[in-house]
Structures are given as structure tokens and as C-alpha cells.
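S.K.: Everything below, folded, please.
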Amino acid sequence: MTLAGKISPFGDNNDKRRATEAVIASWPHLKKLHLGHCKFMDDATWIRFVQTHPHLVSVHLSEACLTDASLDAMAGCLRDALSSVVFTNINAISTVGVHRLIQNCKRLVRASFRQCAQILAGDFGKREMDNMRRVHNTNWELDNDEQHLVNTTTVMHLA
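M.R.: Numbering: from 1, shown residues only. Have a look, this model is predicted:
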């Protein structure tokens with residue numbers, strides 16, 4: 001039986017919290033995690049998950065209740081694996097936290113922060129972009145249309 005079959009969409013917040021915790025059960029070989037509508041995913045839950053899944057290569061999350069503490073956990077636990085991170089509507093992370101994540105994750109080639117209230121293209125000036133290029137020897141650019149940071153090499157490969 002799937003998780004969806006166990007949890008009613010009309011359940012209370014405790015049901016939703018239990019569902020979130022069930023989703024973060026340990027899968028030792030998990031490399032990609034793409035989750036939407038994560039309103040009940042908080043720092044404590046996410047940090048535990050990241051600590052038990054150090055092989056994550058790709059993380060796409062939307063609407064999670066995460067702060068820079070989660071970004072720092074990712075920077076520490078996933079530094080040798082993470083190559084793609086896409087956050088959408090995650091509003092308590094800061095530019096400083098994003099900088100630390102990018103600088104510490106050696107394999108990171110795509111970082112996108114869409115509709116994250118605290119992260120704007122203007123937050124990444126020329127100096128910061130040059131520093132990120134030195135760290136990763138790659139072409140980071142700002143996509144001013146969508147207000148997020150992308151790696152142009154990755155974007156070209158995906159197009």
C-alpha cells in the first residue's frame with residue numbers, strides 16, 4: 001500500500017506531519033529527491049533526512065519551512081554529492097545561506113531559487129558571481145527574468 005493510501009488528504013495536521021516523517025524514512029541509495037507541497041517539512045525533519053542520505057545528487061523542494069540551518073546541513077552532509085538544487089517558495093532562507101551552500105558543494109552545477117522571498121537576482125553582485133566562478137570554475141549567471149541563480153552550462157545542456 002502506498003503512503004497516499006494510508007493518509008487521507010482531509011486528515012488533520014498530525015496526519016500530515018506523520019506523512020512527512022514517513023516520507024523521510026531512510027533509503028540508503030536515494031540520489032534524487034523531488035517533492036512538492038512540503039508545507040510540513042521543517043528544519044529538524046530535513047536536517048535528519050540529509051544526515052541519513054549523504055548520496056543525494058539532486059534535491060528539488062517546494063513550499064518547505066526551511067531556514068539557513070537546512071542549507072548549512074546540506075553544505076556539510078552533501079558537499080561531495082549534490083549537483084542540483086531547486087527550491088521554490090521556500091521563504092526563510094537567505095542570500096548568505098545560499099552563498100555558503102554554493103561555496104561548499106563541490107559538484108554543484110545548478111542552483112535555482114524560484115519565488116523564494118528572501119532571494120533576488122540583485123543579491124548576487126559581480127563580486128559574488130566571480131567568487132562562485134572561482135570556487136567552481138564554471139559560468140554562474142543570474143536569470144533576471146525568473147529571479148534565480150542558474151549555471152549557464154547546465155541550462156544549455158537542458159535546453
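
S.K.: any chance you could map the helices in the chain?
M.R.: 3-6, 13-23, 43-52, 68-77, 95-104, 126-136, 152-158 (DSSP state H).

S.K.: can I get the CA coordinates of the third one in CSV?
M.R.: The one in question is helix 43-52. This file holds the C-alpha atoms of helix 43-52, laid out as CSV (Å, rounded to 0.1, in the frame of the first residue of the first chain):
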residue,chain,number,x,y,z
ASP,A,43,14.5,22.2,9.6
ALA,A,44,14.6,19.4,12.1
THR,A,45,13.0,16.9,9.7
TRP,A,46,15.0,18.0,6.7
ILE,A,47,18.3,18.0,8.6
ARG,A,48,17.7,14.5,9.9
PHE,A,49,16.9,13.4,6.3
VAL,A,50,20.0,15.0,4.8
GLN,A,51,22.2,13.5,7.6
THR,A,52,21.0,10.0,6.7
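
S.K.: list the helices and strands that helix packs on?
M.R.: For helix 43-52, the packing partners by 3 or more CB pairs under 8 Å, 6 or more residues apart in numbering; DSSP states H and E come out as helix 68-77. Any C-beta I mention is one placed from the backbone N, CA and C, and that applies to glycine too.

S.K.: For the helix it packs on, which outside residues touch it?
M.R.: For helix 68-77, contacts defined as CB atoms under 8 Å, 6 or more residues apart in numbering pick out 43, 46-47, 50-51, 54, 59, 64, 82, 85, 93-94, 96-98, 100-101, 103-105.

S.K.: Now the buried members of these.
M.R.: Neighbour-count burial (16 or more other CB atoms under 10 Å) applied to those gives 43, 46-47, 50, 59, 64, 82, 85, 93, 97-98, 100-101, 103-105.

S.K.: lowest-confidence helix or strand of the chain?
M.R.: helix 152-158 (a mean of 31; mean pLDDT, DSSP states H and E).

S.K.: Pull up the gap between residue 99 and residue 123, please.
M.R.: Residue 99 sits 9 Å away from residue 123, going by CB to CB, to the nearest Å.

S.K.: With residue 64 instead?
M.R.: Here residue 64 is placed at a distance of 20 Å from residue 123 (CB to CB).

S.K.: just residue 26 next, same as before
M.R.: 35 Å.

S.K.: out of these two, which sits in the more crowded spot?
M.R.: Each of residue 26 and residue 123 has its neighbours counted (other CB atoms under 10 Å); residue 123 has more, 17 against 9.

S.K.: Which one of the helices of the chain has the poorest average confidence?
M.R.: Mean pLDDT is lowest for helix 152-158 among the helices of the chain, at a mean of 31.
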